[in-house]
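S.K.: task: produce atomic coordinates for the following.
(one chain, ligands or ions: 2)
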Amino acid sequence: MKRIAVVTSGGDAPGMNAAIRAVVRTGISRGWEVFGVRHGYAGLIAGDITRLGARDVGGILHVGGTLLGTARCPEFKDEEIRREALARFEEKGIEGLIVIGGNGSQQGSYALSHMGFPVAGIASTIDNDLYGSDITIGVDTALNIALEAIDRLKVTASSHKRAFLVELMGRDCGYLAMMAGIAGGAEVIVIPEVDTNPEVVAESLRGAYDRGKAHALAVVAEGAAYNAEALARYFTEHQARLGFDLRVTTLGHVQRGGTPGVFDRLLATRLGAAAVDRLARGQHGALLGLRQGEIVATPLEEVVTCKKTLDLSLMDLGRVLAQ
Ligand code: ADP
Ligand code: F6P
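M.R.: Ligands and ions are numbered 1, 2, ... in the order given. You can find the predicted model right below:
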């Protein structure tokens, strides 16, 4: 009988539980034993590893976050520490690992795979900044949460004829802000991938009133040089000259804690099953993701060396539609 383990790492994402459930149940259906590693790579180092049965992953499909817990664990970058972690697996006879996580987590997967341990990655992060998957687990749910907030802000903004700025998550990537900005009808979108001048943001907001709009909305990614904090400071300093003030909402972790929607549950379920299948076929060292509607395996080496790019033509579309 084969023994494998599953770990969730980095930022949690709605749908991670569906992926855990798929890994556990498809693994068991092959006659394997499946173990859960608690609290990301930190739990792996500490040997916090328990066997999971089919019933242990019941009732979690609709729950956000991760049943296993997750962590940021900088020590895992150290090869000696990773060697200790692999010793924990050896003690338990575990021969393969499935890593559910984003960019950093898959760097960890690649490092383990490079050391000869059989690994399969599952693309999961709300940031959607992971090469090898057009969309990652959690993005769709996070976007819907952001959109609900934007829709509500527009209602109160219209009532008061106010300008609002909403900051969405995205450490290095503007995907969430760009997509939510377009879907929510923002007047201006600010993302790390495009240099922004705060005067242009002010001009876009003022222009909305000049064109007869009752509201003016800026959607900003947290990773942008001019994020909510920087823009709010600029607008306060220049308020007299700019002629209007700005209400600021930072959505933060609210975006990560939602109930996974159907897209994320199905994506996570398919990726979980595909990861088990890869390990069963002895094809290690790849990330399972969704590309052009298909579940596809991309070598982890490619995943960690290539950068996913944003389709910046969508920023132009957002500008046109904001007229
Ligand atoms: P995410 O996976 O959501 O992008 P992080 O970037 O915080 O989240 O990465 C999650 C964890 O992955 C880190 O805390 C660390 O344990 C591990 N990790 C990140 N980079 C590396 C690396 N270069 N080598 C080994 N492990 C890494
Ligand atoms: O998981 C990605 C992310 O949500 C980023 O968008 C954000 O910058 C970061 O995680 C926040 O990390 P933490 O939960 O550790 O505060």
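
S.K.: hey, let's count contacts and neighbours off CA atoms from now on
M.R.: OK.

S.K.: span of stretch 206-217 from start to end?
M.R.: 10 Å (C-alpha to C-alpha, to the nearest Å).

S.K.: flag every buried residue along that stretch.
M.R.: Counting neighbours by 16 or more other C-alpha atoms under 10 Å, one finds that the buried residues in stretch 206-217 are 206, 208, 214-217.

S.K.: kindly report the same for stretch 256-276.
M.R.: When burial is assessed from 16+ other C-alpha under 10 Å, stretch 256-276 yields the following buried residues: 256-261, 264-276.

S.K.: any regions of the chain where pLDDT drops low?
M.R.: For the chain, the stretches flagged by pLDDT under 70 are 1.

S.K.: by contact count, what packs against the lengthiest helix in it?
M.R.: Longest helix in the chain by number of residues (criterion: DSSP state H): helix 139-160. Helices and strands touching helix 139-160, by 3 or more C-alpha pairs under 8 Å, 6 or more residues apart in numbering; DSSP states H and E, are strand 163-168, helix 175-183, helix 262-280.

S.K.: out of these, flag the one nearest S29.
M.R.: For the helices and strands packed on helix 139-160, proximity to S29 was assessed by C-alpha to C-alpha; helix 262-280 is nearest, at 10.5 Å.

S.K.: for the first helix or strand past that closest one going along the chain, packing partners?
M.R.: Counting by DSSP states H and E, the element after helix 262-280 in chain order, helix or strand, is strand 286-291. For strand 286-291, the packing partners by 3+ C-alpha pairs under 8 Å, 6+ apart come out as strand 119-123, helix 262-280, strand 294-299, helix 300-305.

S.K.: related to what we said a few turns ago, could I get the buried residues of stretch 206-217 as TSV with secondary structure and distance to A13?
M.R.: What follows is the buried residues of stretch 206-217, written out as TSV (DSSP: H, G, I helix; E, B strand; the rest coil; distance: C-alpha to C-alpha, whole Å):
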residue	secondary structure	distance to A13
R206	helix	36
A208	helix	35
A214	coil	35
H215	coil	32
A216	strand	30
L217	strand	26
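
S.K.: what's the closest of those to A146?
M.R.: For the buried residues of stretch 206-217, the nearest to A146 is L217 (13.3 Å; C-alpha to C-alpha).

S.K.: tell me the phi and psi of V219?
M.R.: When quoted as degrees, to the nearest 10, the phi and psi of V219 stand at phi -110, psi 130.

S.K.: pull the number of nearby residues for it.
M.R.: 30 (other C-alpha atoms under 10 Å).

S.K.: check contacts around it.
M.R.: Neighbour list for V219: 165-168, 177-178, 180-181, 186, 188-190 [criterion: C-alpha atoms under 8 Å, 6 or more residues apart in numbering].

S.K.: and if you look at G223?
M.R.: 169-174, 191-192.

S.K.: now do it against ligand 1, distance only.
M.R.: 14 Å (C-alpha to the nearest ligand atom, to the nearest Å).

S.K.: ok, that residue to ligand 2 distance?
M.R.: On the measure of C-alpha to the nearest ligand atom, G223 and ligand 2 end up 7 Å apart.

S.K.: where's that residue, which helix or strand?
M.R.: With DSSP H and E as the test, G223 turns up in no helix or strand.

S.K.: for F117, same thing?
M.R.: With DSSP H and E as criterion, F117 is part of no helix or strand.

S.K.: which residue packs closest to it, ignoring adjacent ones?
M.R.: Spatially, and ignoring its direct neighbours in sequence, F117 is nearest to G96 (6.9 Å; C-alpha to C-alpha, 6 or more residues apart in numbering).
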